[in-house]
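Chemist: fold the following and give me the result.
(one chain, ligands or ions: 1)
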Amino acid sequence: MPDLELDQVAKRYGDTVALAGVSFDVRAGELFGFVGSNGAGKTTAMRIALGVLAADSGEVRFGGEPITARMRTRIGYMPEERGLYPKMKVLDQLVYLAELHGLSTSEAHRSAENWISRLGLGERRLDEVQKLSLGNQQRVQLAAALVHDPAVLVLDEPFSGLDPIAVDVMSAVLKEKAASGVPVVFSSHQLDLVERLCDRIGIIRSGRMVATGSVDELTANAASRLVVRAPGAEPGWAVDLDGVRVLSDEPGKTVLELEPGTDDQPVLNAALATGPVHEFHHERPSLTELFRTTVSGGDR
Ligand SMILES: Nc1ncnc2c1ncn2[C@@H]1O[C@H](COP(=O)(O)OP(=O)(O)OP(=O)(O)O)[C@@H](O)[C@H]1O
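Modeler: Numbering: from 1, shown residues only. Okay, here's the model as predicted:
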């Protein structure tokens, strides 16, 4: 399957610059997490990728070619505002959407029934969508994005409001689609989930991509953090060590930040000088911490 690329995509709403030239690519077979503060531009970028919104400039490419209206019908999209017909029954809705994307009636039924069962909606298949709980409506929305066997998946906050079981189901389906070679991009504010699931991550701030890469790549340049458990250490034991900043100093547990290139062995020696050392390990910052430092200053 080909890659999905956004190249210098820009969009204004009146005086508001929603996207100031955003570029990133979602590679075939990868799960790409799109994160940013409220109003950073995620929905705008995803709507432009889908073609429901026109960019002022820039290009969306699929497989290296500018994306056409025909190719866009191969995108599975889950909009943030959700877009189901409230009075239609779950099964009818999915069959209708599949047919709209070109599946025959029998293929549409087969695919709709498959996703209904896969997403745990079997008992609700003949219920009107409006009678479902919000979480179940969201499962139907995911089924709607998948029912035509899309070549690309673009999902706007698919995890918001889901219970833990539904989060697991959604995660498994997205991983499976990516493993089958489909580029999958989703936005989310649940950074622990993004960190756990995604191959790569893009962080957008005020309409600009400020970081793109795997969590390991994004955290590689962050200052190294060292956790030391030394029950006999007195408070302040590490304050005079070169290249070391004390982040927290609780009885028995100290968290230190080491400047890049600082040797940790003098720190270990200093810790051992206080008595036994039960723990001495480097910790990388979480995506949430990285996000806070990357987007600090906020958005609109
Ligand atoms: N239809 C619109 N008219 C005017 N301004 C808009 C419109 N849609 C979005 N904006 C503005 O464009 C900017 C980007 O909004 P967008 O919805 O893309 O952000 P987002 O990252 O998806 O936010 P959230 O996490 O809150 O969903 C914001 O400043 C928003 O107020």
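
Chemist: how about stretch 104-123: buried residues?
Modeler: 107-109, 111-112, 115-116, 118-119, 121 (16 or more other Cβ atoms under 10 Å). Every residue, glycine included, has its C-beta placed from N, CA and C.

Chemist: pLDDT of it, averaged?
Modeler: On average, the pLDDT along stretch 104-123 is 96.

Chemist: and it, how far out from the chain middle?
Modeler: 26 Å (Cα atoms, centre = their mean, to the nearest Å).

Chemist: just the CA coordinates for it, please, in CSV.
Modeler: Below are the C-alpha coordinates for stretch 104-123, written out as CSV (Å, rounded to 0.1, in the frame of the first residue of the first chain):
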residue,chain,number,x,y,z
SER,A,104,-22.2,-4.9,-4.2
THR,A,105,-25.2,-5.6,-1.9
SER,A,106,-23.9,-9.0,-0.9
GLU,A,107,-20.3,-7.8,-0.3
ALA,A,108,-21.8,-4.9,1.7
HIS,A,109,-23.8,-7.2,3.9
ARG,A,110,-20.8,-9.5,4.4
SER,A,111,-18.5,-6.7,5.4
ALA,A,112,-21.1,-5.0,7.6
GLU,A,113,-21.9,-8.2,9.5
ASN,A,114,-18.2,-8.9,9.9
TRP,A,115,-17.4,-5.5,11.5
ILE,A,116,-20.6,-5.6,13.6
SER,A,117,-19.5,-8.9,15.1
ARG,A,118,-15.8,-7.8,15.3
LEU,A,119,-16.7,-4.6,17.2
GLY,A,120,-19.0,-6.3,19.6
LEU,A,121,-22.2,-4.8,18.2
GLY,A,122,-24.1,-8.0,17.4
GLU,A,123,-26.9,-7.4,19.9
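
Chemist: not counting that stretch itself, show me its contacts.
Modeler: Among residues not part of stretch 104-123, those counted as contacts by Cβ atoms under 8 Å, 6 or more residues apart in numbering are 90-91, 94-96, 98-99, 103, 125, 136, 139-140, 142-143, 146-149, 165-166, 169, 173.

Chemist: make it 7 Å
Modeler: 90-91, 94-95, 98-99, 103, 125, 136, 139-140, 142-143, 146-147, 149, 169 (Cβ atoms under 7 Å, 6 or more residues apart in numbering).
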